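1. Just a sequence and a predicted model for now, questions to come.
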Amino acid sequence: MIGAGIVGIATACELASQQHEVTVFERRGSVATEGSFAQTGLLAACAPLPWGVPGLQRSRLMHWLGREGSVRGSSLSVLSHAPWLWRQWLGERPAARTPRMQALLALAHASRQRVGELTQQLNLAYEQQGGGMVLLSSTQQVARVQRALAAEQALAPGMALLSADAARALEPALAARWPLKGAVQLPASMVGNGRQLAHLLKAQAQKLGARFEFDTQVRSMRSGTPAGLVRADGSSATFDAIVVCAGTGSRDLLASAGLKLPLLQTQTHAVTAPLSRHEGEAAHGPRAAVIDARSGIVVTRLGQRVRASGVTQLGPATAAIAPAVLRQLYGAIEASFPGCAVTREASHWQGPRMRVPDGAPVIGNSGQPGLWLNLAHGAFGWGLAFGAAQLLARQLAGQPLPFDAAAFAAQRLR
């Protein structure tokens, strides 16, 4: 296996639990250090949010272009990625979107269930809290969601449309001035510290016999029976199967084996700050997680900290996070839970993510013998990782799949 982010760790643990001999190669010195480092923490038994909520999907592409949206890019960067963005636009047609959302719903449900099973079975202790809502700020949003929930019940099992008063009862510290008109309560939702969980599952995978080679860059790989890889120091190794979970390193690895996917690199940002305290008591912040349907920004509580995340920029990392991005993230915290964060002690983070145009991950056989893929989860790695790991393990073993996984096949993108 190549890559030890949350997706790679979940996959390694799943495969090791099924008695596979697992070796994980990771170019950094620890697990969950790049795109998995400061994820939103929100996990729910529904398709990726907020666009997994019926009635909000048409807002999705505006987040790639809108001034207040959660995706930012210069005119030049938008133009340079125009073919990719056009493919994304085409993928939003109902005929293409509905089966993909059904598959994402099944994957998210499996992932949420698997996290619960592992947490209970292994008695894992990490920051976690139940709950999560998508906040609606206009009567038009409420009406669209209400109609869509009634018409698309198969895509929204367990979702509940709440009144503004009912939503405030669940998040009583939400600012009185927030223009709340209603909210969507998410099924089986929780907030969890994915990085803490990744470290716990790395230890579990090691107990099951998995080996980890950290600070090890894989330079290339080749298909075959067996498949092979070459490390940066020139040494090589062969395996019955190689699973690529390498995040932003995936493009070069795939190219080395003659594979090409329409991968787009973006940078996702987060601000994390301690909760302020008054007379020894933590200030009122979020109880769990809230998502602003206007911007897509998620504000979550992680232990005694609050995090705002979700603003994404096209292209590679910059030396410093743009002031406009930080203003947007700090503004999201202050607008929803004013005064709850010690902003002078906040930490800033930007991490790379890889996406494909239709927004679904790539899971399964690459089309070449011995090479398997579990990548391009975008911003949803924490929410989909454990279901994706189960799905890949079944595919590797030739076992029946619990649902149609064609929406995740690499072949759909060629």
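-> Sure thing, it's come through.
2. quick one, helices of the protein?
-> Using DSSP state H, the helices of the chain run over 6-17, 62-65, 75-80, 82-91, 94-121, 139-151, 164-170, 194-207, 250-256, 323-336, 381-397.
3. Show me what counts as buried in the fourth one.
-> Buried positions in helix 82-91, judged by neighbour count with 16 or more other C-beta atoms under 10 Å: 84-85, 88, 91. All C-beta spots, glycine's among them, are computed from the backbone N, C-alpha and C.
4. ok, and what's touching that helix?
-> 61, 64, 78, 96-97, 100, 262, 264, 357-359 (C-beta atoms under 8 Å, 6 or more residues apart in numbering).
5. right, and out of the residues you listed, which lies closest to Gln350?
-> Within those, the smallest distance to Gln350 is 16.0 Å, found for Leu264 (C-beta to C-beta).
6. which residues pair with that closest one across the strands?
-> Beta-bridge pairing of Leu264 under DSSP bridges involves Arg355.
7. And the one 4 residues further on, by the same measure?
-> When assigned by DSSP bridges, Thr268 has beta-bridge partners Thr312, Gly351.
8. show me what contacts it?
-> Thr268 touches 35, 309-312, 350-353, 379, counting by C-beta under 8 Å, 6+ apart.
9. Give the ChimeraX command for selecting the buried subset of those residues.
-> This is how ChimeraX selects the buried members of the contacts of Thr268, with burial counted by 16+ other C-beta under 10 Å:
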select :35,309,310,311,312,350,351,353,379
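10. which one of the contacts of Thr268 sits closest to Pro157?
-> Nearest member of these to Pro157, counting by C-beta to C-beta, is Ala379, at 22.5 Å.
11. So Arg211 sits against Glu26, correct?
-> No. Judged on C-beta atoms under 8 Å, Arg211 makes no contact with Glu26 at a distance of 11.2 Å.
12. Looking at stretch 288-295 now, give me its mean pLDDT.
-> In this model, stretch 288-295 has a mean pLDDT of 91.
13. same thing with stretch 227-239?
-> Stretch 227-239 comes out at a mean pLDDT of 98.
14. Could you check that stretch and say which residues are buried?
-> Neighbour counts over stretch 227-239 (16+ other C-beta under 10 Å) mark 227-229, 237, 239 as buried.
15. Please report phi then psi for the nearest residue to Phe337 once chain neighbours are set aside.
-> Leaving aside its sequence neighbours, Phe337 sits nearest to Gly285 (C-beta to C-beta, 6 or more residues apart in numbering; 4.9 Å). When read as degrees, to the nearest 10, the backbone of Gly285 gives phi -120, psi -160.
16. re earlier: would you turn the buried residues of stretch 227-239 into TSV with distance to Ser276?
-> Formatted as TSV, the buried residues of stretch 227-239 follow (distance: C-beta to C-beta, whole Å):
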residue	distance to Ser276
Ala227	52
Gly228	54
Leu229	49
Ala237	51
Phe239	50
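17. In strands, which of those appear?
-> Applying DSSP state E to the buried residues of stretch 227-239, the entries found in strands are 227-229, 237, 239.
18. tell me the two of these that are most distant?
-> Across these, the longest distance by C-beta to C-beta is 9.8 Å; it joins Ala227 and Ala237.
19. ok, back up a step: if we take the contacts of Thr268, which one ends up nearest to Gly303?
-> Closest to Gly303, out of all of the contacts of Thr268 and judged by C-beta to C-beta, is Ser309, at 15.5 Å.
20. Who are the contact partners of that closest one?
-> With contact taken as C-beta under 8 Å, 6+ apart, Ser309 is in contact with 38-40, 268-271, 297-298, 300, 329.
21. Output those residues in a markdown table, with distance to Ala289 appended to each entry.
-> Output for the contacts of Ser309, formatted as a markdown table (distance: C-beta to C-beta, whole Å):
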| residue | distance to Ala289 |
| --- | --- |
| Ala38 | 14 |
| Gln39 | 11 |
| Thr40 | 7 |
| Thr268 | 16 |
| His269 | 17 |
| Ala270 | 13 |
| Val271 | 15 |
| Ile297 | 11 |
| Val298 | 6 |
| Thr300 | 4 |
| Leu329 | 15 |
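22. What's opposite Ile363 in the beta bridge?
-> Applying DSSP bridges, one finds that Ile363 bridges with Asn374.
23. right, and it touches Gln411 too?
-> No. Using C-beta under 8 Å, Ile363 makes no contact with Gln411, being 11.9 Å away.
24. These two: which has the busier surroundings?
-> The neighbour comparison of Ile363 against Gln411 (other C-beta atoms under 10 Å) goes to Ile363, with 28 against 11.
25. can you pull the contacts of the more buried one?
-> So, once contact is read as C-beta under 8 Å, 6+ apart, Ile363 ends up touching 373-374, 388, 391-392, 395, 405, 408-409.
26. nearest to Glu14, of these?
-> After measuring these against Glu14 - C-beta to C-beta - the closest member comes out as Leu392, at 7.6 Å.
27. can you count the residues close to the closest residue in space to the closest one that isn't next to it in sequence?
-> Computed as C-beta to C-beta, 6+ apart, the closest residue to Leu392 that is not its neighbour in sequence is Asn374, at 5.1 Å. Using other C-beta under 10 Å, Asn374 has 29 neighbouring residues.
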